[in-house]
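**Student:** coords below, sequence missing:
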């Protein structure tokens, strides 16, 4: 799956904020239909990788290639239109608008009304809770509902690749479980997902392949099963001694 | 049940609704004591102040620009309205259809001219500025808009001269009698145009795709980028819309405010009063406050004297800033960059 057929290829990506370099040459790839996870400790640069792919942080060096196209230097809204949906850590919802309006804005680049309705239908099927709350302002939703709305909004454009940043952040274990179930369901339906997470055990359960990012560099990669057997992962991330 | 009653009472006693109720009481008292023209005058100018102020609120909410050149877009509206109207009247003589067409065409064309100037200003000044430097943005753009205002005022003076360019019989029809009260047709039509424009602006922001994008950018810029909204285009549209409605107000009030270089100063001050009263960046609040401030002006000038017309609204600003700095409808100062 790695190589020419990959949907997303990141090659030697370096980036940061101001004088602070966060990524020191990150390379990874995501094949069509895969759920790839990017794991690592706080401050390793996981979110920066996603923000770099989505175009919200300008790359300093390196290449990002999506479906054979170079993304470097493209503005974020064009990257989104090319078919990359980004669910950020803070979600960036339109809090003063209703759930329905947020979802419709998710399909901002979709001109076909029928396709918009169909996407809305499948988002409501995935998260029935959003259908109940459709007329409510996004700012009044609970934390779990906000995550659902964030993911739903990104799905509205039927993106070829979904970038999801820490969906479990600040959620109760039970909610986390159901969100992971939803991500798993999306993968089963053929969605391609690049997931950033801190919850290692749960992530290893649903991911196909895993990259481990430490201090801005990929230190380990492999299938989820392989990584779960690595001494380093066992000791540092799974707490097995 | 009792909880619902308590909620209703709390909403009723909030500063916003108290002000609205107070204003309604004032309008009623003024109408009873002085006559219905108090109400009519407030509605006529109120609609226009609401539009100018809504533009101001929109540009602040979406682009974080405190626009002190908004009055000059009003001025551009009066000027292009005047030029187009007189050109039409000299080209086509007689009443009838042209009596309707001339003012309508003048107002529409003036709106377009204002919008185009606004788009050009964003293209030539704010968009490049935004790409270069974002530090001290509010302060920088404030200074830029003050400079723009000076330039526009002097351009007007240079090209068209300092004298009043007013129009007599804009809407050339006899006065209407509503409930036995004579109302000049000019006033009546300004009110109609104001209401239509406010409704149009509201519908555009509420339902259209572009309006949704404008609101999205004002609420979360990164979120707007993430769903594929071209922020530079939204900014251009917002600025054009804001200057377009200011020009519309200018062209509609041509019979009250003849065009001259400094005609924009009064609407600018009023619009800032309105916007501070409503809370910066609150478009809906600006529309309500526009009517309230107009009512204050009318009542003051009738009962106390025209010279006091501007004093009381400014006293009101001081009071609001002291007691409720976030504005009467109090959602706080919300700009894109504070979020």
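**Tutor:** Structure's in. What do you need? Please read these numbers as outputs of a predicted model, since none were measured by experiment. Residues are numbered from 1 along each chain as shown, chains lettered A, B, ... in the order given.
**Student:** switch to C-alpha atoms for all contacts and neighbour counts from now on
**Tutor:** Will do.
**Student:** closest point of the stretch 101-250 of chain B to chain A, which residue?
**Tutor:** Relative to chain A, the nearest point of the stretch 101-250 of chain B is residue B:228 (3.9 Å; C-alpha to the nearest C-alpha).
**Student:** contacts only, for that residue.
**Tutor:** The neighbours of residue B:228, taking C-alpha atoms under 8 Å, 6 or more residues apart in numbering or on different chains as the test, are A:76-81, A:108-109.
**Student:** how does it look with 7 Å?
**Tutor:** Listed by C-alpha atoms under 7 Å, 6 or more residues apart in numbering or on different chains, the contact partners of residue B:228 are A:77-78, A:80-81, A:108-109.
**Student:** run through the residues you listed and flag the ones next to chain B.
**Tutor:** A:77-78, A:80-81, A:108-109 (C-alpha under 7 Å from any C-alpha of the partner chain).
**Student:** most widely separated two among these?
**Tutor:** Taking C-alpha to C-alpha, the two most distant members of the ones next to chain B among the contacts of residue B:228 are A:78 and A:108; they sit 12.0 Å apart.
**Student:** for the ones next to chain B among the contacts of residue B:228, give me a markdown table that also has secondary structure and neighbour count.
**Tutor:** As requested, the ones next to chain B among the contacts of residue B:228 are exported to a markdown table (DSSP: H, G, I helix; E, B strand; the rest coil; neighbours: other C-alpha atoms under 10 Å in any protein chain shown):
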| residue | secondary structure | neighbour count |
| --- | --- | --- |
| A:77 | helix | 23 |
| A:78 | helix | 20 |
| A:80 | helix | 23 |
| A:81 | helix | 20 |
| A:108 | coil | 21 |
| A:109 | coil | 20 |
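**Student:** which of those residues lies closest to chain B?
**Tutor:** Nearest to chain B among these is residue A:77, at 3.9 Å by C-alpha to the nearest C-alpha.
**Student:** now the spatially most central residue of chain B: which helix or strand?
**Tutor:** Centrality entry for chain B: nearest residue to the mean C-alpha point is residue B:52, 1.3 Å, by C-alpha atoms, centre = their mean. Residue B:52 is located in helix B:37-63, with elements delineated by DSSP states H and E.
**Student:** what residue ranges in the chain score low on pLDDT?
**Tutor:** I went with chain A, as the question did not name one. Scanning chain A for pLDDT under 70 picks out A:1-4, A:241.
**Student:** switch to chain B, please.
**Tutor:** Scanning chain B for pLDDT under 70 picks out B:1, B:94-96, B:330-339.
**Student:** spell out which parts of it neighbour chain A.
**Tutor:** B:216, B:219-220, B:222-223, B:225-230.
**Student:** what about stretch B:206-220, distance to the chain center?
**Tutor:** Distance, stretch centre to chain centre, for stretch B:206-220: 19 Å (C-alpha atoms, centre = their mean, to the nearest Å).
**Student:** can you check stretch B:139-156 too?
**Tutor:** Once both centres are worked out by C-alpha atoms, centre = their mean, stretch B:139-156 turns out to sit 18 Å from its chain's centre.
**Student:** how about it, which residues are buried there?
**Tutor:** Neighbour-count burial for stretch B:139-156, counted by 16 or more other C-alpha atoms under 10 Å in any protein chain shown, picks out B:141-142, B:144-145, B:148-149, B:152-154, B:156.
**Student:** same check on stretch B:194-209?
**Tutor:** B:194-195, B:197-198, B:201-202, B:205.
**Student:** can I get those residues in TSV including secondary structure?
**Tutor:** Output for the buried residues of stretch B:194-209, formatted as TSV (DSSP: H, G, I helix; E, B strand; the rest coil):
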residue	secondary structure
B:194	helix
B:195	helix
B:197	helix
B:198	helix
B:201	helix
B:202	helix
B:205	helix
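**Student:** which of those residues lies closest to residue B:166?
**Tutor:** Residue B:166 lies nearest to residue B:194 out of the buried residues of stretch B:194-209, by C-alpha to C-alpha, at 19.8 Å.
**Student:** could you tell me how many residues sit around the residue nearest to that closest one when sequence neighbours are not counted?
**Tutor:** Closest residue to residue B:194 apart from its sequence neighbours, by C-alpha to C-alpha, 6 or more residues apart in numbering or on different chains: residue B:47 at 4.9 Å. Per other C-alpha atoms under 10 Å in any protein chain shown, the neighbour tally for residue B:47 reads 27.
**Student:** for residue B:248, see how far away residue B:47 is.
**Tutor:** Counting by C-alpha to C-alpha, to the nearest Å, the gap between residue B:47 and residue B:248 amounts to 11 Å.
**Student:** quick one on the thing from earlier: now the residue nearest to the centre of chain B: closest residue in space that isn't a chain neighbour?
**Tutor:** Distances taken as C-alpha to C-alpha, 6+ apart place residue B:246 nearest to residue B:52, at 4.7 Å, with adjacent residues excluded.
**Student:** how about the one you found, secondary structure?
**Tutor:** Secondary structure state of residue B:246, per three-state DSSP, is helix.
**Student:** how about it, what does it touch?
**Tutor:** So, once contact is read as C-alpha under 7 Å, 6+ apart, residue B:246 ends up touching B:51-52, B:55, B:70, B:73-74.
**Student:** likewise residue B:248?
**Tutor:** Residue B:248 makes contact with B:77, B:107, B:110-111 under the criterion C-alpha under 7 Å, 6+ apart.
**Student:** got the end-to-end distance for stretch B:300-319?
**Tutor:** Stretch B:300-319 has its terminal residues 17 Å apart, counting by C-alpha to C-alpha.
**Student:** ok, now stretch A:209-222?
**Tutor:** By C-alpha to C-alpha, the extent of stretch A:209-222 from end to end equals 6 Å.
**Student:** same check on stretch A:149-161?
**Tutor:** Using C-alpha to C-alpha, the two ends of stretch A:149-161 sit 17 Å apart.
**Student:** cool, stretch A:127-137 as well?
**Tutor:** Stretch A:127-137: ends 17 Å apart by C-alpha to C-alpha.
**Student:** pull out the buried residues from that stretch.
**Tutor:** So, applying 16+ other C-alpha under 10 Å, buried residues of stretch A:127-137: A:127, A:130-131, A:133-134, A:136-137.
**Student:** which residues sit against it?
**Tutor:** Identification of contacts with stretch A:127-137 by C-alpha under 7 Å, 6+ apart yields A:95-100, A:124, A:148-149.
**Student:** mind doing that once more with 8 Å?
**Tutor:** Counting by C-alpha under 8 Å, 6+ apart, A:95-100, A:124, A:145, A:148-149, A:152 sit against stretch A:127-137.
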